[in-house]
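Undergrad: with the input below, show me the fold.
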Amino acid sequence: MPAQITAQEVKELRNKTGAGMMDCKKALQASQGNMDMAIENLRKKGLATADKKSSRITTEGIIDSYIHAGSRIGVLVELNCETDFVARHSEFQQLAKDIAMQITACQAVAYVSSDDIPQSIIDMETSIEIEKEDLFNKPQEVKDKIVSGRLEKRLKEISLMNQPFIKNQELSIEDLVKQKISLLGENIKIRRFQRFILGESMKKNT
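TA: The predicted structure is shown next:
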């Protein structure tokens with residue numbers, strides 16, 4: 001029978017290793033709640049210590065692209081790291097390609113992380129949720145709670161780091177990047193991206 005793991009235990013393991021929440025929970029369940037064993041398992045998988053590198057400056061990296069079949073959608077992405085040595089590493093270059101492919105697949109994504117979303121967009125999305133008809137007759141406290149939940153969900157939908165990785169739905173893009181940070185030993189940042197859709201914003205001939 002799987003061990004019952006508390007949210008506090010998951011948080012403690014995350015603080016100690018920097019691994020993702022789901023990875024921490026799985027590691028604790030696999031180790032029957034043994035914290036030291038869970039840490040060891042995460043280190044073996046290369047998921048630990050990523051957060052400790054997150055403040056390091058990233059001035060190297062690559063710009064990569066992905067063109068979808070049919071050549072109607074394309075993406076450019078800039079992925080940064082600390083050294084040219086890592087920028088040339090096959091794992092780093094594959095990460096850039098995977099991220100470009102992810103952006104192509106997730107048409108709603110407009111920002112790298114929720115921290116990048118302008119306050120004006122947050123205010124607009126909040127206003128849209130507040131005006132929805134199904135909230136009109138609800139008490140203000142209930143309405144505020146629903147709006148807050150819907151807003152959080154919406155902001156995650158437009159944030160790349162919150163997306164489930166298309167090659168492994170149990171892994172978020174944030175956790176995927178952390179895996180590569182632990183594997184390659186350097187901080188890695190998705191700096192920016194641009195999506196191109198053939199004929200976008202152009203008027204078609206009638």
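Undergrad: contacts, neighbours, all on C-alpha from now
TA: Noted.
Undergrad: show me the helices in the chain, by range?
TA: Counting by DSSP state H, one finds helices in the chain at the ranges 7-17, 21-30, 35-44, 84-87, 90-105, 119-130, 140-157, 173-184.
Undergrad: would a markdown table of those helices with mean neighbour count, distance to residue 74 and mean pLDDT be doable?
TA: Formatted as a markdown table, the helices of the chain follow (neighbours: other C-alpha atoms under 10 Å; distance: least, C-alpha to C-alpha, whole Å; pLDDT from 0 to 100):
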| stretch | mean neighbour count | distance to residue 74 | mean pLDDT |
| --- | --- | --- | --- |
| helix 7-17 | 17 | 36 | 80 |
| helix 21-30 | 20 | 31 | 84 |
| helix 35-44 | 17 | 35 | 80 |
| helix 84-87 | 15 | 22 | 92 |
| helix 90-105 | 20 | 7 | 95 |
| helix 119-130 | 14 | 25 | 89 |
| helix 140-157 | 15 | 20 | 87 |
| helix 173-184 | 21 | 19 | 88 |
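Undergrad: select, out of those helices, the one closest to residue 167.
TA: Closest approach to residue 167 among these is made by helix 90-105 (8.5 Å; C-alpha to C-alpha).
Undergrad: now for the closest one, which elements pack on it?
TA: Counting contacts by 3 or more C-alpha pairs under 8 Å, 6 or more residues apart in numbering; DSSP states H and E, helix 90-105 packs against strand 60-67, strand 73-81, helix 173-184.
Undergrad: circling back to that earlier point, to residue 68, which of the helices of the chain lies closest?
TA: Distance to residue 68, taken as C-alpha to C-alpha, is lowest for helix 90-105 among the helices of the chain, at 7.3 Å.
Undergrad: on that earlier part again, could you export the helices of the chain as CSV, including distance to residue 164?
TA: Output for the helices of the chain, formatted as CSV (distance: least, C-alpha to C-alpha, whole Å):
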stretch, distance to residue 164
helix 7-17, 19
helix 21-30, 12
helix 35-44, 20
helix 84-87, 24
helix 90-105, 9
helix 119-130, 22
helix 140-157, 10
helix 173-184, 6
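Undergrad: residue 197: which of these is closest?
TA: helix 90-105 (9.5 Å).
Undergrad: need the residues that contact stretch 150-168.
TA: Stretch 150-168 has contacts (C-alpha atoms under 8 Å, 6 or more residues apart in numbering) with 102-103, 108-114, 117, 122, 125-126, 129, 170-174, 176.
Undergrad: quickly list the domain ranges of this structure.
TA: Per the record, the chain has its domains at 7-48, 53-112+158-197, 118-157, by automatic domain parsing.
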